[in-house]
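Q: Any chance you can model this:
(one chain, ligands or ions: 2)
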Amino acid sequence: MAPSNSKVSECLTDKSLAAVLPEPNAPLEIQELKIPEVIDGAVLMKVSNVGVCGTDVHLWHGKLSGVPYPLILGHEVVGTVERVGPGDTRDLNGHEIVEGDRIAFHDVVDTCYSCWYCLIAKAPTKCPHRSVYGITLDSTKWPYLIGGYSEYLYLKPRTQMIKIPEHVTFDDAIFAGCALPTAIHAVTRSPLRWGTNVAVQGAGPVGLMLTILAKINGANTITTIDRSIERLKFAEEFGATHTLNIEETSLDERRDLVRDISEGHGPDIVYEATGNALAVPEGIELVREGGTYTICGQYTDSGGVEVNPHYMNRKHLDIRTVWGTETTHVYQAVRTIADNVDRFPLRKLVTHHFMLDEAQKALETQGSQKSLKAVIQPNE
Ligand SMILES: [Zn+2]
Ligand SMILES: [Zn+2]
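A: Residues are numbered from 1 along each chain as shown. Ligands and ions are numbered 1, 2, ... in the order given. As a prediction, the model looks like this:
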């Protein structure tokens, strides 16, 4: 048997089961795929946990453009290193990657860092060369195992990996895959600091991560808004000082409350994390004069909505939007989880676990919002 720190693996299998989405709106199919040779700089990950993202549900319904089908879904993936290619492969801290390491990774690969968007505009999330595991990589092309709904995931050379500290469970770490980096990116685009009054529209995974980040950053008040009683309870547990249920309050009542708790001014920052276009005019209404509105929940096209530009102009608003994540946001997400896991046990937000052959059920459960976060464990 190879020593535990050896890169020479005695892998027992050369095949992996994966749940494949053949085409939009079709049921997932369990297929057996060949594991390719692990080349220099690449890593074969044994998938422990893969989160079912709202984006996966949209991909199932064919609502994102530029996506190749058949597709292996899954971009929120954590697991253990099964095999490492020859040569020297290191994580973001410069530590050598070896078999048995528990790792997370940035789901975006191939950002070129040499085009106009990467170098001049300093907007690498708009790099035209980037591709995303479980979303835009083609599962009919090498290295085939490119989504997390699979026993094994092939991490291509140049994938940015980070080791997960021992005290962080895989259910905690799953939030470093997508929801927390997205929230961190939104925070970096807004003036969040000690004493700020914050409102968060939406208490799904991204909204709850924004609630937590507002708390960690010392926000004075944090009002989280949703229509689910269960999700608002999570918000209270994870940092919200106030919650508002849109089923039980009118827009006027919500605006009055957020003003009452901020000396009559309204929130300095409102974050949108709903995926519902109707939230946007409300957010513009709730934010204070001269405040910041940061939109990060509109990843799929949920239609147009009417806004009055004069009202926005007169309010002297700073309106920001957020697209995708950079490696630094994933790195900060793993650190944030590791440093706060006792205060904010994110694993409690994983409300449902599924096996690989239940992937379709996992997708439907997340789609119906019965779960806050559904997780598939392909090797259980
Ligand atoms: Zn580029
Ligand atoms: Zn996601």
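
Q: Nearest residue to Arg288 in space, please, no chain neighbours.
A: Spatial nearest neighbour of Arg288, excluding adjacent residues (C-beta to C-beta, 6 or more residues apart in numbering): Gly266 at 3.5 Å. Placement of C-beta: from N, CA and C, glycine included.

Q: Hmm, that neighbour is touching Glu289, no?
A: Yes - using C-beta atoms under 8 Å, Gly266 is in contact with Glu289, at 7.5 Å.

Q: quick one: which of those two has more around it?
A: Gly266 (23 against 10; other C-beta atoms under 10 Å).

Q: Quick check: the more buried one is in a strand.
A: No - under DSSP: H, G, I helix; E, B strand; the rest coil, Gly266 falls outside any strand and is assigned coil.

Q: what's near enough to touch it?
A: Residues near Gly266 by C-beta atoms under 8 Å, 6 or more residues apart in numbering: Asn197, Arg255, Val258, Arg259, Leu286, Val287, Arg288, Glu289, Gly291.

Q: For the third one, the count of nearby residues, please.
A: Put plainly, it is Val258. Val258, neighbours per other C-beta under 10 Å, totals 25.

Q: can you check the last one too?
A: Burial of Gly291, expressed as a neighbour count using other C-beta under 10 Å, amounts to 25.

Q: So for it, what's the nearest residue that isn't a sequence neighbour?
A: Looking at Gly291 with C-beta to C-beta, 6+ apart, the closest residue is Asp268, at 5.2 Å.

Q: quick one: that neighbour from ligand 1, how far?
A: Relative to ligand 1, Asp268 is positioned 34 Å away (C-beta to the ion, to the nearest Å).

Q: Can you name the residues of the stretch 1-150 of the chain sitting close to ligand 1?
A: Residues of the stretch 1-150 of the chain that fall close to ligand 1, judged by C-beta under 5 Å from the ion: Cys112, Cys115, Cys118, Cys127.

Q: Please report how far the closest residue to Val206 other than its chain neighbours lies from Leu213.
A: Leaving out its chain neighbours, the residue that sits closest to Val206 by C-beta to C-beta, 6+ apart is Ala273, at 4.2 Å. Note on Ala273: its distance to Leu213, by C-beta to C-beta, to the nearest Å, is 11 Å.

Q: Overlap in contacts, those two.
A: Here Ala273 and Leu213 share the contacting residues Ala183, scored by C-beta under 8 Å, 6+ apart.

Q: more neighbours, those two?
A: Ala273 (30 against 25).

Q: need the contact list for the more buried one.
A: So Ala273 contacts Ala183, Ala186, Val200, Gln201, Gly202, Gly204, Val206, Gly207, Leu210, Cys296, Gly297 (C-beta under 8 Å, 6+ apart).

Q: on that earlier part again, next, the residue nearest to Arg288: phi, psi?
A: When read as degrees, to the nearest 10, the backbone of Gly266 gives phi 100, psi 170.

Q: How about the contacts made by the residue nearest the centre of the chain?
A: With distances taken as C-alpha atoms, centre = their mean, Cys178 lies nearest the centre of the chain, 1.5 Å away. Residues in contact with Cys178 (C-beta under 8 Å, 6+ apart) are Gly51, Cys53, Thr55, His75, Glu76, Asp107, Pro205, Thr325.
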